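Engineer: Model the structure of this input:
(2 chains)
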Amino acid sequence: MSIPLKNPVAALDKAPSFSTRSRNVKIASYVVLSIFSIFYIWPLFMLVNTALRPLTEYLRDPAGLATNPSLANFADAWELANFPQYMLNSAIYTVTATAIFVATSLFVAFPIARGYFKGSGAILTLYVVALFLPPALIPQFQLILNLGLFNTRPGFIMLFLINPIGMIILVNYMKSIPRELDESAAVDGSSYTRFVFSVIFPLIRPAVATVTVLHAIGIWNELILPTIYLTNQDLYPITRGLIVFEGVYGSNWPGIAAAVLMLMLPILVLFMFLQRYIIGGLTAGAVKG
Amino acid sequence: MAIMQKNYLFGSAGKWRRLTPLMLLIPGVFLYLLIALGPSLATSVYSFTDASGLRGAAVNWIGLDNYREFLFEGLASRDNIDATLRTLRFSVLVTFIQFTLGLILALLLNQKLKGRTFFRTLFFIPVILGVVIQGLMWKLFLQPRGGPMATIFDWFGTQSEFLGGLPGQAFNWVIVVQIWANVGVTMVIFLAGMQTISEDLYEAARIDGADGWQLFKSITWPQLTPAINTNFLLNIIGSLQAWQLFLVLIGYKPGTQVLGYLVYAEGFGQGESPAFRQGFAAAASIVLFLLVLVIGFAANRYVSWREDRYMA
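Structural biologist: Numbering: from 1, shown residues only, chains lettered A, B, ... in the order given. Modelled structure (predicted):
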């Protein structure tokens, strides 16, 4: 079977020029990508470079290179910025809120995905609608304030117990789990709670991982809500702590750079291990139309 | 088969009690209504009041006063309208540039190139770092006296105050950082879209002698429609609501405010007055919401028109 070509000879003529062109395209691609990369690598490099230099040296020449690098800034920032406390707070908020969110969501998502209640479709719509409604910022503040939870850990954690997009991802994934499993579990006399935790949960692990990672990163990086809801320094998460540190030590950029790197490290480590879940979550449903 | 589709969980075969799943469903839904949906709907109610940030303080109904103040009262209202127009400008520039750069990066990195994983990761990383790291990194990079970017400017014999200079200049640098921070998402969504396009289509077109531009125009672009639409909408809506980099990079400075920041500053005493003007802030956030709604709706109409044209 031959492929109908308009002009086979012309196509043959084109072959060598095509490969030179494709090589040129490759070279051009590398040039463009390298130019772009400069704007990603250089700021990062300067951050590391600055963090390794003594303050006096930095002030003399801010763009200079670290001639005798030292880790002193990291130790200083760790002390001055009250890092251990802030890191611990961030960890408490992130872990607690994410765990509660995932546990409660499983039991919302499962019956919705199955349509086990009248109006479960309507519940899902409630979650979708939230994506298009006005921000909840002001009434949320009034709520926390009037519940007496302003400037408390439980009040702050409460703000992170929901995630409409996460819920939608869970529901969609659960729809792909065969219903026959439910029936046999029910017939076997497995309890509902045990079924969801020990049968459904392992089967939807990729979706749970995606939702967990996205939710946790969101809390870890959040700056505005701690600025609004926490006035007690002892309760600050690391993001707020770092902004306060920047305000106090405004010109001590080596110290700030060291602190920024210490905040960055856990996120980068997490990213290296969980990359595919993060990217999977961000592109979920985006390309199917 | 129809019976299989039915609710056998609570049918005669099942042994689970109806109450357990319901009891377990309630906490999640209750939290959602309490923290998200309820407050979200209540924003419009608060916009008609003089609510403050004091616990137990009386909240009075003042009708449309907040909106009147926002739109028509003296110099302040001119600032508000400027902030609204600035929000639009920010959104148009960010959407257009981020969309284009994201598409270019995705096209380049969809080729078989050595080191493409490295490049993809590099451009994506800022996305997960959050505004504090993104902002502080660039604040350091844009130090006006002898900083890295200032040094480059120096080579070309120019100078800039960057974030501390003229409001217009500072504003433009925030646009740069905003795009730098988020173009990775746009790129990744485009890449995911490109991976769904069958290689056979390109193969066939190449045999017919199509060149690179023709391949892009008649295969990639139409086939990429879902990803294009997603990115277009996400960029528009995201950039209309983005303001946190302004907080980290320049603070609440006259001539640079956008609506999202105005809501926060007025509502939580970070603006000119230290009072928590929550009723007014709620009105401002309704204005922002309407802006997002109208533009989002128009964009959505355009997107479905495109879809009919390309996908039908």
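
Engineer: which residues sit in contact with the residue lying closest to A:Phe197 once chain neighbours are set aside?
Structural biologist: Spatial nearest neighbour of A:Phe197, excluding adjacent residues (C-beta to C-beta, 6 or more residues apart in numbering or on different chains): A:Leu106 at 7.8 Å. C-betas here are computed from N, CA, C, even on glycine. Residues in contact with A:Leu106 (C-beta atoms under 8 Å, 6 or more residues apart in numbering or on different chains) are A:170, A:196-197, A:200-201, A:208.

Engineer: Of those residues, select the buried ones using a PyMOL command.
Structural biologist: Provided next is the PyMOL selection string for whichever of those are buried by 16 or more other C-beta atoms under 10 Å in any protein chain shown:
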select buried, chain A and resi 170+196+200+208
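
Engineer: Contacts only, for the most centrally placed residue in chain A.
Structural biologist: In chain A, the C-alpha closest to the average C-alpha coordinate belongs to A:Ile217, at a distance of 3.5 Å (C-alpha atoms, centre = their mean). Residues in contact with A:Ile217 (C-beta under 8 Å, 6+ apart) are A:267, A:270, A:278, B:128, B:130.

Engineer: which stretches of the chain have low pLDDT?
Structural biologist: Since you didn't name a chain, this refers to chain A. A:1-18, A:285-289 (pLDDT under 70).

Engineer: other chain: chain B
Structural biologist: Residue ranges of chain B with pLDDT under 70: B:1-17, B:311-312.

Engineer: okay, now the domains of it?
Structural biologist: B:2-46, B:65-311 (automatic domain parsing).

Engineer: Let's have the ones you listed in TSV, adding mean neighbour count and distance to B:Ser52.
Structural biologist: Formatted as TSV, the domains of chain B follow (neighbours: other C-beta atoms under 10 Å in any protein chain shown; distance: least, C-beta to C-beta, whole Å):
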stretch	mean neighbour count	distance to B:Ser52
domain B:2-46	16	11
domain B:65-311	18	5
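
Engineer: what about the ones you listed, which gets the closest to chain A?
Structural biologist: Checking the domains of chain B against chain A by C-beta to the nearest C-beta gives domain B:65-311 as the closest, at 2.6 Å.

Engineer: Now do the closest residue to chain B within the stretch 151-289 of chain A: how many residues are near it, please.
Structural biologist: With C-beta to the nearest C-beta as the measure, A:Asn221 is the residue of the stretch 151-289 of chain A nearest to chain B, at 2.6 Å. By the measure other C-beta atoms under 10 Å in any protein chain shown, the count of residues near A:Asn221 is 22.

Engineer: residues touching it, list them.
Structural biologist: So A:Asn221 contacts A:239, A:267, B:128-133 (C-beta under 8 Å, 6+ apart).

Engineer: Quickly name whichever of the residues you listed is closest to B:Leu259.
Structural biologist: Taking C-beta to C-beta as the measure, B:Leu259 lies nearest B:Val131 of the contacts of A:Asn221, at 17.2 Å.

Engineer: Quick check: closest non-adjacent residue to the closest one.
Structural biologist: Once flanking residues are discounted, B:Val131 sits nearest to B:Gln244: 4.3 Å by C-beta to C-beta, 6+ apart.

Engineer: Just confirm that neighbour contacts B:Gln134, I think it does.
Structural biologist: No: counting by C-beta atoms under 8 Å, B:Gln244 stays clear of B:Gln134, with 9.2 Å between them.

Engineer: what about A:Ser190, which SS state?
Structural biologist: coil (DSSP: H, G, I helix; E, B strand; the rest coil).

Engineer: Kindly report the same for B:Gly146.
Structural biologist: B:Gly146 ends up coil, using three-state DSSP.

Engineer: Spatially nearest residue to it (excluding sequence neighbours)?
Structural biologist: B:Gly146's closest residue in space is A:Pro62 (C-beta to C-beta, 6+ apart), at 4.3 Å.

Engineer: Please apply the same query to A:Leu59.
Structural biologist: That would be A:Ser251: by C-beta to C-beta, 6+ apart, it lies 7.5 Å from A:Leu59.
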